[in-house]
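A.B. asks: Let me see the structure of the following:
(chains A and B)
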2 protein chains.
Amino acid sequence: MTAAHTITVNLGDRSYPIVIGAGLLNGGFDLSKFVNGPDCLIVSNEIVAPLYRDRILPNLAGKAVTTIDLPDGESYKSVASLQAVIDRLVESGANRDTTVIALGGGVVGDIAGFAAACYMRGVAFIQVPTTLLAQVDASVGGKTGVNHPEGKNLIGAFHQPQVVMIDTDTLKSLPDRELKAGLAEVIKYGVICDVEFFAWLEDNMQALLEKEPPALARAIQRSCELKATVVAEDEHESGHRVILNFGHTFGHAIENCQGYGEWLHGEAVATGMIMAAELSGIGDGDVERLRVLLQKAGLPVSPPAIDGQDWLRTMGMDKKVKQKQLRFVLLRALGDAYLATSYDKDKLQQIIGASD
Amino acid sequence: MTAAHTITVNLGDRSYPIVIGAGLLNGGFDLSKFVNGPDCLIVSNEIVAPLYRDRILPNLAGKAVTTIDLPDGESYKSVASLQAVIDRLVESGANRDTTVIALGGGVVGDIAGFAAACYMRGVAFIQVPTTLLAQVDASVGGKTGVNHPEGKNLIGAFHQPQVVMIDTDTLKSLPDRELKAGLAEVIKYGVICDVEFFAWLEDNMQALLEKEPPALARAIQRSCELKATVVAEDEHESGHRVILNFGHTFGHAIENCQGYGEWLHGEAVATGMIMAAELSGIGDGDVERLRVLLQKAGLPVSPPAIDGQDWLRTMGMDKKVKQKQLRFVLLRALGDAYLATSYDKDKLQQIIGASD
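C.D. replies: Got it, this is the predicted structure:
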């Protein structure tokens, strides 16, 4: 194991560490000290469990472990999967001092976290994310939930983990398409609040695509730092945290209209970021710079064919809607996002109309 | 309308008022000022809606109102009902600034509150309880949730309302059996923390059973004050709040083993309180005093026939279990409850064995 790096998410009595390093699985980091009760449930999926479940057991010495494997994919991020996890907790005699551990990508983390939030009105939760997307996004900030047929993450809770353990070695097994999808969220952090990081990504995209460990470690660490800072200021998204949603209003609509799982979340967000950048009215040069970086990362930058009415209906379920009005996170410039109280309605029609 | 009385539940930025009075419906109290967004969903049931839904509309002037009526009864306090409420929110285009209003008894309040807690990770919530049980218990303290086939309230959240409006006139329509069930929780407050209130109940039980308005108003007000004080000290039940659970370990087991809805919650709690008092080892005179008061209120004081193993299995799902050990709220004396770290195991066997 190489030296691990720890980032603290500062949330008062809900503060927790994110530990990042290579070789943390196989007992490289003691998770059992974060498991207060005698037992835990590991929630994973049919793809990740065969790869990593045996390797997490040495991190949980002395604890009784039960397991459940969900089917893989965003389309299973449903109330039915939530119920399956709850049923498994009941079957195994889990109590309020049981800990739920998510081992997998964002879908596993979101379902497991929501189950932990609801079971007996809240039990402890640990995240061990194994995809880049989950490592830089889903595992930080406490958002949990499942999808409703009409909208993404419509049912959920804020529930902070005890600890997040990121073993960067898990990325070795990650399919290229998922690596790229994770890079979309990494790029997002640069776009919304750190133009220097954006420039670093422009210089290092090739190294990231080739999974060079130092580049990946830096990208993950900086992304987690940026997200942790934003979340610490506004845990429940009553204000500034909403900038993390940049590109997501369009992105969620794409995911919903195409059917969950057709486009990966990161792919939809990549295209959504271009659409939001266009709506922002920043200079064409900056939109182009973003487009080039996303393309370099192998991500789509044009939306699929979706009817204008479907765009508006699905975006109407966005959690930022207030007084029945759509609201968008827009850019003042690269590295400077804000929640806009108004936007250019003609331009919006033009942007979504172009996808008809 | 007579003068309303307001109790504040002190929970920092989640503090809220409980407004108690006769004639608050029919526009006697302005609820719309607690509805921040443009719209609300009234969750009720097929029994309560025909009686009171038209009467709450004048309290919501200027707000768009949609409605859903659930089937009546504890057996419908399920994930399926939760989903029905979520579906209705989605259908009606509800957003994060929509308010969910519970109009009904404890079941309606628990489901509606949990839906409000989960929808878009939390929207605002108002309680308008119409049963005595809901007025003195379910509407105060922010516990929401639904049942799992294996245990009561196993899936839920803490979610505080914006306001609780108790119109004591609604009790005029309450069936006697439900009135009595509510009195079980009223008696509980005396037993656990206010022996003077217990004595007042001994003197005034007949007036309460005859629904005399001043007696009912005093019982509701004192119960809400006592619960509000306990909850303010320990919102998430990490300590002293657990005394509110007196009688509930046995009571929940009765409800679960008999099938939800067979015994009313208050009836099960009444019997559970006698069992817990017996386990406490307080003087026989005090147990007898409690038994007499419960009987005066027309409540059952002997458990149904339940196998000893079933008692232990269902009590094993209790939320107070820690390190796989049962824990009970017991009495040092009438008016003085505490969470016991140990208990007389032979006596427990004798108490549950007697019901075989």
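A.B. asks: How about residue A:201: what's its closest non-neighbour residue?
C.D. replies: Of all residues not flanking residue A:201 in the chain, residue A:190 sits nearest, at 5.5 Å (Cβ to Cβ, 6 or more residues apart in numbering or on different chains). Any C-beta I mention is one placed from the backbone N, CA and C, and that applies to glycine too.
A.B. asks: surely the one you found meets residue A:335?
C.D. replies: Yes: with contact defined as Cβ atoms under 8 Å, residue A:190 counts as touching residue A:335 (6.9 Å).
A.B. asks: what about the helices in the stretch 151-300 of chain A?
C.D. replies: Using DSSP state H, counting those that start in this stretch, the helices of the stretch 151-300 of chain A run over A:176-193, A:195-209, A:213-233, A:248-258, A:265-280, A:284-296.
A.B. asks: Now those in a markdown table, please, with extra columns for mean neighbour count and mean pLDDT.
C.D. replies: Listed next are those as a markdown table, based on neighbours: other Cβ atoms under 10 Å in any protein chain shown; pLDDT from 0 to 100:
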| stretch | mean neighbour count | mean pLDDT |
| --- | --- | --- |
| helix A:176-193 | 24 | 97 |
| helix A:195-209 | 16 | 98 |
| helix A:213-233 | 19 | 95 |
| helix A:248-258 | 24 | 94 |
| helix A:265-280 | 26 | 97 |
| helix A:284-296 | 17 | 97 |
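A.B. asks: which one of those lies closest to residue B:47?
C.D. replies: In terms of Cβ to Cβ, the element of the helices of the stretch 151-300 of chain A nearest to residue B:47 is helix A:248-258, at 36.9 Å.
A.B. asks: so, in contact with chain B or not, the closest one?
C.D. replies: No: residues of helix A:248-258 are not located near chain B by Cβ under 8 Å from any Cβ of the partner chain, the shortest gap being 11.7 Å.
A.B. asks: sorry, back to before: to residue B:115, which of the helices of the stretch 151-300 of chain A lies closest?
C.D. replies: Per Cβ to Cβ, nearest to residue B:115 of these: helix A:248-258, 20.7 Å.
A.B. asks: Run the chain-centre distance for that closest one.
C.D. replies: 15 Å (Cα atoms, centre = their mean, to the nearest Å).
A.B. asks: Contacts for that helix next, please.
C.D. replies: Identification of contacts with helix A:248-258 by Cβ atoms under 8 Å, 6 or more residues apart in numbering or on different chains yields A:74, A:150-153, A:262-263, A:265, A:268-273, A:275-276, A:303-304, A:306, A:310-311, A:314-315, A:317-318, A:320, A:326, A:328-329.
A.B. asks: that older thread, now the common contact residues for residue A:190 and residue A:335.
C.D. replies: Contacts common to residue A:190 and residue A:335, judged by Cβ under 8 Å, 6+ apart, are residue A:198.
A.B. asks: So the nearest residue to residue A:25 once chain neighbours are set aside, which state does it fall into?
C.D. replies: For residue A:25, ignoring the flanking residues on the chain, the nearest one in space by Cβ to Cβ, 6+ apart is residue A:55 at 4.2 Å. Secondary structure for residue A:55, judged by DSSP: H, G, I helix; E, B strand; the rest coil, is helix.
A.B. asks: Find the residue ranges of chain A scoring beneath the pLDDT cut-off.
C.D. replies: Applying pLDDT under 70 to chain A flags the ranges A:1-2, A:355-356.
A.B. asks: Taking the centroid of it, which residue is nearest it?
C.D. replies: For chain A, the residue nearest the mean C-alpha position is residue A:138 (2.8 Å; Cα atoms, centre = their mean).
A.B. asks: Just list the residues touching that one, thanks.
C.D. replies: With Cβ under 8 Å, 6+ apart, residue A:138 has these contacts: A:105-106, A:109-110, A:127, A:129.
A.B. asks: could these be laid out in CSV, adding neighbour count?
C.D. replies: Formatted as CSV, the contacts of residue A:138 follow (neighbours: other Cβ atoms under 10 Å in any protein chain shown):
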residue, neighbour count
A:105, 30
A:106, 25
A:109, 29
A:110, 25
A:127, 29
A:129, 28
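A.B. asks: and the residue lying closest to residue A:148 once chain neighbours are set aside, how many residues sit next to it?
C.D. replies: Nearest residue to residue A:148 in three dimensions, chain neighbours excluded: residue A:154, at 4.0 Å (Cβ to Cβ, 6+ apart). Using other Cβ atoms under 10 Å in any protein chain shown, residue A:154 is surrounded by 22 other residues.
A.B. asks: So which bits of chain A are right by chain B?
C.D. replies: Counting by Cβ under 8 Å from any Cβ, chain A sits next to chain B at A:37-38, A:79, A:83, A:86-87, A:90, A:93, A:95-97, A:117-122, A:143, A:145, A:148, A:150-151, A:153-158, A:236, A:316-317, A:319-324.
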